[in-house]
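> structure for the following, please:
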Amino acid sequence: MWRELLPIGRHAGSGGYRRYAWTGADADCRAWFRDQATARGLAYETDRNGNQWAWLGDPSAGDAVVTGSHLDSVPDGGAFDGPLGVVAAFAALDELRSRGRTPIRPLAVVNFGDEEGARFGVACVGSRLTAGVLTPEQAAALRDADGVTLTRAMADAGCDPEAIGADPERLARVGAFVELHVEQGRALDLAGAPVGVASAIWPHGRWRFDFHGEANHAGTTRLDDRHDPMLTYANTVLAARKKARLAGALATFGKVAVEPNGVNAIPSLVRGWLDSRAADEETLAAVVTEIERAAAERGTRDGVRVSVTRESFTPVVEFDHALRDRLAARLGTDGRPVPVLPTGAGHDAGILSAAVPTAMLFVRNPTGVSHSPAEHAAEDDCRAGVTALADVLEGLACQ
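As a prediction, this is how the structure comes out:
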């Protein structure tokens, strides 16, 4: 499975992946998922929001145990973020069958669409729509860098954009969702453990900062006469780092757009996107407020108008304690508890947690690097993750 997926959407120059939602690479990944379901005799379906499902057992029976993740990527992302969870899900079903275990509850593997938000700017679109966190109206307003709307992209890929929206009936049939994911950090490596259990997801969000200045000639305009939004933006980037460090939080400007984007032109507009995360919502709110204040103060000095728009926000997610503790107890060996750790990264499991009991397993990433071609997990650790997931599914669905 892994060898079949590896070439899809891989950029020859960077070595990273460009599997953006509703593009050709995404279509190839989706075809791979369908083929895996068919090869195992699983019932395949696509839901109203474009998420893919492969069922073992009767989906309508309810109280289903679901596992999976996503197959799309960030720009030049790594091979493991998302796909490891989907590959491991199919492999865990294979492992259950090899053990001769027969589920007494329906089992499903899912591929949630557009988890990374790389194309349309909002993460976890497929799960957000399903959970009703993102409305059809909000989804229809999303556009990519070329002006293509999300609904148009979905329609071109064969989905019905008129059908998107909350799917409470589907969620009501799910009794538990367990997502396996490569760790996006080094906690497991430092602990010397191949697999861990997630305790919580830090609250996080995305904010768009618009810095409105005045376009002018770079070679003839005196420095004192400029209203240069790039200066305000640059100062805000530095302020974000400082405010986050002081609060023990995270803040990153990772995307920027400039108008008119000419080498010899003072910009009229600089638009930067802030990603910020913290251990609790109060700290996160305080950090973003401080960054906004720093931007406004510098903007006044530079003659630049600053506006801020919150584009997405996910509150703190405490995974279902009973399910989390059950997983931790089952995976502990020889009296040694499995590591239980929080994460600053968002996941579909976090979106679904308000409606479905959810849990996550992490597989060791010795580099600690994610969203990069350097992201890695050793084959033995991936196999340990599959075994752990199979153990979890056996405990939830076969007993």
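> contacts, neighbours, all on C-alpha from now
Noted.
> dump the residue contacts of Asp63.
Applying CA atoms under 8 Å, 6 or more residues apart in numbering to Asp63 gives the contacts Arg105, Pro106, Ala172, Arg173, Val174, Gly175, Ala176.
> kindly recompute the last result at 10 Å.
Contacts of Asp63 were listed using CA atoms under 10 Å, 6 or more residues apart in numbering, and they are Arg105, Pro106, Leu107, Leu171, Ala172, Arg173, Val174, Gly175, Ala176, Ala397.
> give me the longest helix you can find in the chain.
helix 281-302 (DSSP state H).
> report all helices and strands that it contacts.
strand 204-212, helix 229-247, strand 250-259, strand 269-277, strand 305-314 (3 or more CA pairs under 10 Å, 6 or more residues apart in numbering; DSSP states H and E).
> which one of the contacts of Asp63 is nearest to Asn261?
Using CA to CA, Leu171 is the member of these that sits closest to Asn261, with 45.4 Å.
> for that closest one, give me the pLDDT.
Note for Leu171: predicted pLDDT of 97.
> please report how far Tyr44 lies from Pro59.
Distance check for Tyr44 against Pro59: by CA to CA, to the nearest Å, it reads 11 Å.
> let me fix that, I meant to ask about Val340.
Separation of Val340 from Pro59 (CA to CA) stands at 31 Å.
> buried set for stretch 225-236?
Residues of stretch 225-236 classed as buried by neighbour count (16 or more other CA atoms under 10 Å): Arg226, His227, Asp228, Pro229, Met230, Leu231, Thr232, Tyr233, Thr236.
> mind listing what Asp280 touches?
Shown in contact with Asp280 (CA under 10 Å, 6+ apart): Ile201, Trp202, Pro203, His204, Ala249, Pro315, Val316, Val317.
> same thing but at 7 Å, please
Shown in contact with Asp280 (CA atoms under 7 Å, 6 or more residues apart in numbering): Trp202, Pro203, Val316.
> look up how far Gly350 lies from it.
On the measure of CA to CA, Asp280 and Gly350 end up 15 Å apart.
> for the stretch 101-250 of the chain, which segments are assigned as strands?
Secondary structure of the stretch 101-250 of the chain, counting by DSSP state E, counting those that start in this stretch: strands at 107-111, 174-182, 195-201, 204-212, 216-217, 250-259.
> what's the closest of those strands to Glu4?
Of the strands of the stretch 101-250 of the chain, nearest to Glu4 by CA to CA is strand 107-111, at 16.4 Å.
> which other helices and strands contact the closest one?
strand 52-56, strand 64-69, helix 83-98 (3 or more CA pairs under 7 Å, 6 or more residues apart in numbering; DSSP states H and E).
> what mean pLDDT does the second one have?
Averaged across strand 64-69, the pLDDT comes to 98.
> okay, now the sheet partners of that strand, with direction.
When pairing is defined by DSSP bridges, strand 64-69 lines up against strand 107-111 (parallel), strand 174-182 (parallel).
> dump the C-alpha coordinates for the shortest one into CSV.
To tie it back to what came earlier, the one meant is strand 107-111. Provided in CSV are the C-alpha atoms of strand 107-111 (Å, rounded to 0.1, in the frame of the first residue of the first chain):
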residue,chain,number,x,y,z
LEU,A,107,-16.0,-1.3,11.3
ALA,A,108,-15.1,1.4,8.9
VAL,A,109,-12.1,3.1,7.4
VAL,A,110,-12.5,6.8,6.4
ASN,A,111,-10.6,9.3,4.4
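> off-centre distance for that strand?
Chain-centre distance of strand 107-111: 17 Å, with CA atoms, centre = their mean, to the nearest Å.
> so how far is stretch 301-310 off the chain centroid?
With CA atoms, centre = their mean as the basis, stretch 301-310 stands 29 Å off its chain's centre.
> check which residues of that stretch are buried.
Going by neighbour count (16+ other CA under 10 Å), the buried part of stretch 301-310 is Asp302, Gly303, Val304, Arg305, Val306, Val308.
> give me every residue that touches Ala118.
By CA under 7 Å, 6+ apart, the neighbours of Ala118 are Tyr20, Val74, Pro75.
> on that earlier part again, just the buried residues of the contacts of Asp63.
Judged by 16+ other CA under 10 Å, buried ones among these: Arg105, Pro106, Leu107, Leu171, Arg173, Val174, Gly175, Ala176, Ala397.
> nearest to Glu162, of those residues?
Nearest to Glu162 among these, with distances taken as CA to CA, is Leu171, at 19.8 Å.
> quick one, what contacts that closest one?
Contacts of Leu171 were listed using CA under 7 Å, 6+ apart, and they are Val356.
> from Val317, how far out is it?
Distance from Leu171 to Val317, by CA to CA: 18 Å.
> kindly report the same for Val392.
Applying CA to CA to Val392 and Val317 gives a distance of 21 Å.
> same check on Ala249?
Ala249 is 16 Å from Val317, where distance means CA to CA.
> number of nearby residues for the spatially closest residue to Gly344 that is not a sequence neighbour?
Leaving aside its sequence neighbours, Gly344 sits nearest to Trp202 (CA to CA, 6 or more residues apart in numbering; 4.9 Å). Neighbour count of Trp202, defined by other CA atoms under 10 Å: 25.
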